[in-house]
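predicted structure and sequence below. I'll ask about it afterward.
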Amino acid sequence: MSGYEWLIGLAALVFAPLLGGFLRGIDRKLTARMQGRIGPPIWQQFYDFFKLIGKARAVTTKGSLMWVWGYLLLTMLAVYMLFAQRDLLIIFFILAFAGACLIFGAFSVRSPYSHIGAHREIMQMLSYEPILLLAAVAIFLQTGTFKVSGIFEHDGPLLLTLPLVFVAVLIALTIKLRKSPFDISASEHAHQELVRGVYTEYSGRFLALIELTHWYELVLILAFVALFWAQPLWIGVLLALGVYFLELLVDNIEARLQWSWMLSISWAAGIGFILVNIILIELVFGNVLRL
Amino acid sequence: MGLVAKARVKSPWIVHYCCGSCNGCDIEILACLTPMYDVERFGILNIGNPKHADLLVVTGPVNRRNVKVLQTIYEQMPAPKLVMAVGACACTGGVFHNCYNTMGGIDKVVPVDVYVPGCAARPEAIIDGVVLALDKLSKIK
């Protein structure tokens, strides 16, 4: 604890969109390469962002704008709190509120595509929220605190004691990043049955704000993955980048699943893995690991 | 404003509407997205949602049944927006030019910026048309 955590948090707020935008650009480039195409330049996301800023204002409902801002600001708050090494549990709660803003925004317009997307987004939250909360509990049982700073003070990487929790977090990650096979609330490509799901009714600068929020979200999620190898942190960063590549690979080889599949996979496999991990550590190997 | 104008040229998102085409031109438009031509390298995405799109690509002679749909799609797009007529039917009505049920070219319904002739229009011609459209887009202040 050096007292400069708030400064790191503020720096993260400034640099996270840059990093997130480039990561999304790399995503598109790699996806194109995997499909045998050349693909857009890796700064393509920034072109898209500034173009959307310059579009004419077309608003379906004023209420939906408030939810967009809520989605952005709450996600920014979560990013700040993670990098300022605050309470992990509160970070996940704020993230859940941010996700709820997206849903309410989609429900505040009358488009049926938007509504289907919102229903599916609720299913997604139902799938990944228990995994994230239980992962926080598993980390608590290891470090004795919900604070992110506690993970840095904990000796030994969490990945070695919580490997099954890590696998469960990967499942939650795919849902949270809205990648195949779990891109059910907002299809990656809009010329599909869902159009663009929850984003259908947004246009111009408000779509740009949602894009900005996605960059924050991406950095937040990868930073959480990096926490599984917090000492030394560079291994954690490599781990996060490796996980991101794995996500892209899965995204490209998987078709979209139904929501019932998503729910059963995330609840059965995800929650099951975490519980098995906790039971193994607490009851079976507990005495060995504490020595 | 220079940044936005540059970004506009680099990221045209397309919504494609087929108003009664024989699917020849539609398949050629989809061919532009394949690894052979790969228009995504220029930032072009087939976005499928008029509210997100910058460029409306229309194929087929618009007829009395779908003229309303075409107008609605055009009106849903936020400015700045461009319209591209792909194929002989969309440009002039083509072989249907005197039919009682067609309007005879989409420029009777919405303002068209770029005409791409051909039956069916080749992917190279469509990409040429997009380049022309981008040229026009860059001049919008």
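All right, it came through fine. The model shown is predicted, which means the values in this text are computed figures rather than measured ones.

residue 128 sits in which helix or strand?
I'll assume chain A. Per DSSP states H and E, A:Y128 falls inside helix A:112-143.

other chain: chain B
Remark: B:D128 resides in helix B:123-138, with elements defined by DSSP H and E.

and that helix, what does it pack against?
Applying 3 or more Cβ pairs under 8 Å, 6 or more residues apart in numbering or on different chains; DSSP states H and E, one finds that helix B:123-138 contacts helix B:2-10, helix B:24-31, strand B:82-86, strand B:114-116. All C-beta spots, glycine's among them, are computed from the backbone N, C-alpha and C.

just how off-centre is the longest one within its chain?
Computed by Cα atoms, centre = their mean, to the nearest Å, the chain-centroid distance of helix B:2-10 equals 20 Å.

which residues of chain B lie near chain A?
When proximity is defined by Cβ under 8 Å from any Cβ of the partner chain, chain B lies next to chain A at B:1, B:3-8, B:10-11, B:13, B:16, B:35, B:38, B:40-43, B:46-49, B:51-52, B:54, B:76, B:78-80.

who touches A:Y244 in this structure?
Residues in contact with A:Y244 (Cβ atoms under 8 Å, 6 or more residues apart in numbering or on different chains) are A:L23, A:D27, A:L222.

in this structure the last one contacts A:G242, no?
No: applying Cβ atoms under 8 Å, one finds A:L222 not in contact with A:G242, separated by 10.4 Å.

in stretch B:7-17, which residues are buried?
Going by neighbour count (16 or more other Cβ atoms under 10 Å in any protein chain shown), the buried part of stretch B:7-17 is B:A7, B:R8, B:V9, B:K10, B:S11, B:P12, B:W13, B:I14, B:V15, B:H16, B:Y17.

wait, stretch A:22-31
A:L23, A:R24, A:G25, A:I26, A:D27, A:R28, A:K29, A:L30, A:T31.

run through the residues you listed and flag the ones next to chain B.
A:R28.

among the buried residues of stretch A:22-31, which are in helices?
A:L23, A:R24, A:G25, A:I26, A:D27, A:R28, A:K29, A:L30, A:T31 (DSSP state H).

contact partners for the last one?
Applying Cβ under 8 Å, 6+ apart, one finds that A:T31 lies in contact with A:G39, A:L248, A:D251, A:N252.

measure it to A:V167 for me?
When distance is defined by Cβ to Cβ, to the nearest Å, A:T31 is 24 Å away from A:V167.

one more: the fourth one?
In this structure, A:I26 and A:V167 are separated by 24 Å, where distance is defined by Cβ to Cβ.

picking that back up, tabulate the buried residues of stretch A:22-31 (TSV), appending pLDDT and distance to B:V116.
As requested, the buried residues of stretch A:22-31 are exported to TSV (pLDDT from 0 to 100; distance: Cβ to Cβ, whole Å):
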residue	pLDDT	distance to B:V116
A:L23	93	36
A:R24	91	31
A:G25	92	30
A:I26	93	33
A:D27	91	32
A:R28	90	27
A:K29	92	29
A:L30	92	32
A:T31	89	28
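
can you put the contacts of A:Y244 in JSON lines and add distance to A:V68?
Formatted as JSON lines, the contacts of A:Y244 follow (distance: Cβ to Cβ, whole Å):
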{"residue": "A:L23", "distance to A:V68": "22"}
{"residue": "A:D27", "distance to A:V68": "22"}
{"residue": "A:L222", "distance to A:V68": "23"}
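
what is the nearest of the residues you listed to chain B?
A:D27 (12.6 Å; Cβ to the nearest Cβ).

was I right to think that closest one contacts A:L248?
Yes: between A:D27 and A:L248 there is a contact at 5.9 Å, judged by Cβ under 8 Å.

if we can go back for a sec, between the buried residues of stretch A:22-31, which is nearest chain B?
Checking the buried residues of stretch A:22-31 one by one against chain B (Cβ to the nearest Cβ), the nearest turns out to be A:R28, at 7.6 Å.

I'd say that closest one and A:P41 touch.
No: if you go by Cβ under 8 Å, A:R28 and A:P41 don't touch, sitting 9.2 Å apart.

now do the contacts for residue 133.
In the absence of a named chain, chain A is used. If you count contacts by Cβ under 8 Å, 6+ apart, then A:L133 has A:L89, A:F92 around it.

my question was about chain B, not that one.
Per Cβ under 8 Å, 6+ apart, neighbours of B:A133: B:P12, B:L55, B:L82, B:M84, B:D113, B:V114.
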